[in-house]
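Colleague: I would like to see how this sequence folds:
(one chain, ligands or ions: 2)
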Amino acid sequence: MSHLIARPVDGLSGRTHVPGDKSISHRALILSALTVGRSTVEGLLAAEDVLATAAALRALGARIEGPDAHGRWQIDGVGVGGLTSPAGALDMGNSGTGARLFLGLLATHAVRATLIGDASLSRRPMGRVLDPLAPTGARFEAGEGGRLPVTVVGSADPLPLETRLSVPSAQVKSALLLAALNTPGRSRVIEPVPTRDHSERMLAAAGAEISVTADPATGERVIDLIGQPELTPVDWAVPGDISSAAFPLVAGLLGAPGGAPVTVNGVGVNPLRTGLLDALDAMGARIERVDPRSRGGEPIADLVAYPGRLDAIEMDPALAPRLIDECPILFVAAACAHGTSRFTGLGELRVKESDRLGAMADALAANGVGVEVLDDGLVVEGAGGRPPGGATVATHLDHRIAMSALVLGGACAAPVVIDDAAAIATSFPGFVEVMTGLGAHFDAGRR
Ligand SMILES: O=C(O)C1=C[C@@H](OP(=O)(O)O)[C@@H](O)[C@H](O)C1
Ligand SMILES: C=C(OP(=O)(O)O)C(=O)O
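Modeller: Numbering: from 1, shown residues only. Ligands and ions are numbered 1, 2, ... in the order given. Here you go, the predicted model:
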């Protein structure tokens with residue numbers, strides 16, 4: 001395990017960019033593998049989670065090469081329904097998105113495949129996709145409690161789905177849409193609470209017959225997909241990941257008021273992903289969106305975070321699906337704010353790469369921040385400036401805990417150590433370089 005120390009700094013400033021969006025990168029590879037012909041991806045996130053998806057698709061018959069000298073990836077698809085049984089197990093590594101999306105994809109292919117993952121992924125619930133996928137006719141042999149390893153015996157003659165999501169999860173929604181893609185006829189997924197809509201946008205871009213409407217009676221999102229289309233190749237362009245940009249942006253906010261800002265160029269600002277910006281805005285943060293434009297069918301902008309006073313919030317729980325991955329770094333912002341913040345509606349954080357409520361409560365408490373853990377949230381007593389710091393944080397194979405703790409260290413009075421920096425490669429290779437380029441001080445020496 002490689003520990004890393006974040007030393008206190010006065011603030012960060014400068015201009016940077018972050019790697020491609022993880023959600024969009026997974027989907028670009030998967031949908032490309034289902035087209036007939038050659039697709040390309042520019043800006044693909046070449047991090048462990050996405051590379052696991054690429055490896056799994058290769059094992060199922062797609063050809064994927066990259067990056068070329070221009071950073072572009074090429075995928076030769078096998079067409080919807082064209083995947084074949086892999087020779088060995090598909091290792092999804094640390095990736096919940098990969099595991100759930102492949103369970104959907106494979107459910108309606110006449111293949112047999114076993115999905116495995118690391119210790120963190122092997123603890124995460126898969127029943128949330130296995131149960132709603134059962135009506136396709138697929139068979140699943142799962143580990144205890146519906147956990148990995150899971151062997152999928154895909155249905156050769158799948159039946160259409162009509163499902164109302166019981167968990168607000170883009171992974172579950174996307175698994176069902178991928179299953180519906182190779183199912184004859186019309187499938188319907190009803191989403192009571194909107195979640196990131198990259199799958200819907202990208203399926204439409206590849207020529208699938210998909211419609212998204214609001215149920216006139218309930219207002220719920222109704223997604224209809226006609227199965228077994230011939231998908232056309234796409235030249236995808238992936239925006240910067242707002243979930244990665246969150247770290248330099250919050251670090252930028254935590255500098256001395258009046259200091260220079262941190263700018264992150266070309267960040268995806270899909271409205272279903274920008275809950276962090278809304279929560280920080282409610283805390284009094286100044287984050288400007290400059291030069292709004294679009295990339296690959298998604299809105300993007302340069303985001304500029306100015307250091308200044310932050311005040312506590314009582315977060316609106318309805319924001320949860322729009323900022324779910326950004327909660328750990330939002331808790332760091334709250335730890336430095338003036339007053340006591342209250343976050344609820346975040347029970348989903350307990351089933352991410354780690355129990356993120358428990359892991360962040362431990363990380364903050366060890367570093368002198370007052371916290372109370374709720375069933376579905378946290379109460380954080382802001383230090384109104386620099387928390388004490390000085391402790392080691394257990395990262396539990398969780399990239400977002402690792403990066404949040406390093407940002408915390410920069411804003412504390414004494415250094416913060418993480419026990420293992422390796423998990424950062426899950427989603428944000430180059431994190432250390434991006435942050436040090438803005439003035440962060442990390443080292444692997446002694447405290
Ligand atoms: O669909 C996706 O790409 C993702 C959806 C979210 O998970 P849930 O759908 O389980 O909330 C998020 O936490 C994850 O990092 C990526
Ligand atoms: C929860 C996350 O990812 P996944 O579910 O794909 O492991 C994340 O990236 O914060």
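Colleague: quick one: residues contacting Trp73.
Modeller: Leu29, Thr40, Val41, Glu42, Leu44, Ile64, Glu65, Gly66, Pro67 (CB atoms under 8 Å, 6 or more residues apart in numbering). C-betas here are computed from N, CA, C, even on glycine.
Colleague: helix/strand/coil for the second one?
Modeller: Using DSSP: H, G, I helix; E, B strand; the rest coil, the secondary structure recorded for Thr40 is strand.
Colleague: still on that earlier bit, any of the contacts of Trp73 buried? List them.
Modeller: Buried members of the contacts of Trp73, counted by 16 or more other CB atoms under 10 Å: Leu29, Thr40, Val41, Glu42, Leu44, Ile64, Gly66.
Colleague: got the contact list for the strand or helix carrying Ala56?
Modeller: Remark: Ala56 resides in helix 48-59, with elements defined by DSSP states H and E. Helix 48-59 is contacted by residues 22, 25-26, 29-30, 33, 44, 64, 75, 86-88, 90-95, 97-98, 101-102, 425-427 when judged by CB under 8 Å, 6+ apart.
Colleague: now do 6 Å
Modeller: 25-26, 29, 33, 64, 86, 90, 92-93, 95, 98, 102, 425-426 (CB atoms under 6 Å, 6 or more residues apart in numbering).
Colleague: immediately after that helix, which helix or strand?
Modeller: strand 63-65.
Colleague: neighbouring contacts of that next one?
Modeller: Contact with strand 63-65 is made by Ala54, Arg58, Gln74, Ile75, Asp76, as judged by CB under 6 Å, 6+ apart.
Colleague: my guess is the fourth one contacts Thr40, does it?
Modeller: In this case it means Ile75. No. Applying CB atoms under 6 Å, one finds Ile75 not in contact with Thr40, separated by 7.5 Å.
Colleague: just confirm yes or no for the helix holding Ala56 near ligand 1.
Modeller: No. Taking CB under 6 Å from any ligand atom as the criterion, helix 48-59 and ligand 1 are apart, separated by no less than 8.7 Å.
Colleague: near ligand 2, which residues of the chain are found?
Modeller: Lys22, Asp49, Ser95, Gly96, Thr97, Asp325, Lys352, Glu353, Arg400, Ser427.
Colleague: how about 8 Å then?
Modeller: Contact residues, the chain versus ligand 2 (CB under 8 Å from any ligand atom): 22-23, 26, 49, 94-100, 121, 124, 171, 243, 324-325, 352-353, 398-400, 426-427.
Colleague: buried members of those into ChimeraX, please.
Modeller: Of the residues of the chain next to ligand 2, the buried ones can be selected in ChimeraX as follows, counting by 16+ other CB under 10 Å:
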select :22,23,26,49,94,95,96,97,98,99,100,121,124,171,243,324,325,352,353,398,399,400,426,427
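Colleague: looking at the residues of the chain next to ligand 2, which are in helices?
Modeller: The members of the residues of the chain next to ligand 2 that map onto helices under DSSP state H are 22-23, 26, 49, 96-100, 171, 243, 399-400.
Colleague: which residues touch whichever residue of the chain sits closest to ligand 2?
Modeller: Across the chain, no residue is closer to ligand 2 than Gly96, which sits at 2.7 Å (CB to the nearest ligand atom). Residues near Gly96 by CB under 6 Å, 6+ apart: Arg124.
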